[in-house]
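Asker: Pasting the sequence and the predicted coordinates here, then a few questions.
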Amino acid sequence: MNIRSVFNHPIESSMQPTLIRKDTTAWKAQVWISFGTAATLCATGLAYLPGEDIQRAFMVMGYVFCLSTAFALAKYIRDNEMRKNDTPMWGFVVWGGFALAMTLTGWGLWRMEINPTWKAYLGVCWLFLISSVFTLAKTLRDAHEAALAEARRDGMRSMREAE
């Protein structure tokens, strides 16, 4: 027995059916409900935020900036999970954008002259939104990868049947 046979699987084993893991319907519902709840709580808090319109506009932009950079960061991390696909500078842009969004939004929230209860409410809703964005991004990506795997499997099956 040589060392190659220990570490290399025979070609026949790759033809075995593979299990395609999918998220349950309950999990998908929980993720979407969580994201919807977080977005609703943030929107409600920002809509009724006491103070000037410019402060409200700053916070809305901050929340949207955080939301978009969180999706970008989740995609970057998932794309580079198995092997590096992106340049180091793109990683710097993605991580830097997320850090900048979180820092500026936190700074704006800290500097607002409003009741501390409002600050706490907006802060907790904001962090809930960010955490639910990462979970939603993972759930959407998992569903996409499962659909691709099913399409590949079905394509291979139809090719074998055509032979």
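Answerer: Thanks, I have it.
Asker: neighbours of C42, just the number please.
Answerer: C42 is flanked by 23 other residues according to other Cβ atoms under 10 Å. All C-beta atoms are positioned from the backbone trio N, CA, C, and that covers glycine.
Asker: could you check the distance from the closest residue to it other than its chain neighbours over to G36?
Answerer: Distance criterion Cβ to Cβ, 6 or more residues apart in numbering; nearest residue to C42, sequence neighbours excluded, is C125 at 4.7 Å. According to Cβ to Cβ, to the nearest Å, C125 stands 13 Å off from G36.
Asker: more neighbours, those two?
Answerer: The residue with more neighbours, out of C125 and G36, is C125; 21 against 12, by other Cβ under 10 Å.
Asker: Tell me, how many residues neighbour F35?
Answerer: For F35, the neighbour count with other Cβ under 10 Å is 19.
Asker: Can you classify it by secondary structure?
Answerer: Three-state call for F35 (DSSP: H, G, I helix; E, B strand; the rest coil): helix.
Asker: Where do the helices of the protein begin and end?
Answerer: Taking DSSP state H, the helices of the chain run over residues 3-7, 11-14, 25-47, 53-79, 88-111, 116-162.
Asker: out of the ones you listed, deepest packed?
Answerer: Counting by mean count of other Cβ atoms under 10 Å, helix 53-79 has the highest mean neighbour count of the helices of the chain, with a mean of 17.
Asker: pLDDT score assigned to the most centrally placed residue in the chain?
Answerer: The residue lying closest to the centre of the chain (Cα atoms, centre = their mean) is A137, at 2.8 Å. Per-residue confidence at A137 stands at 93 (pLDDT).
Asker: show me what contacts the nearest residue to it once chain neighbours are set aside?
Answerer: Distances taken as Cβ to Cβ, 6+ apart place A74 nearest to A137, at 3.6 Å, with adjacent residues excluded. In this structure, A74 makes contact with 133-134, 137-138, 141, judged by Cβ atoms under 8 Å, 6 or more residues apart in numbering.
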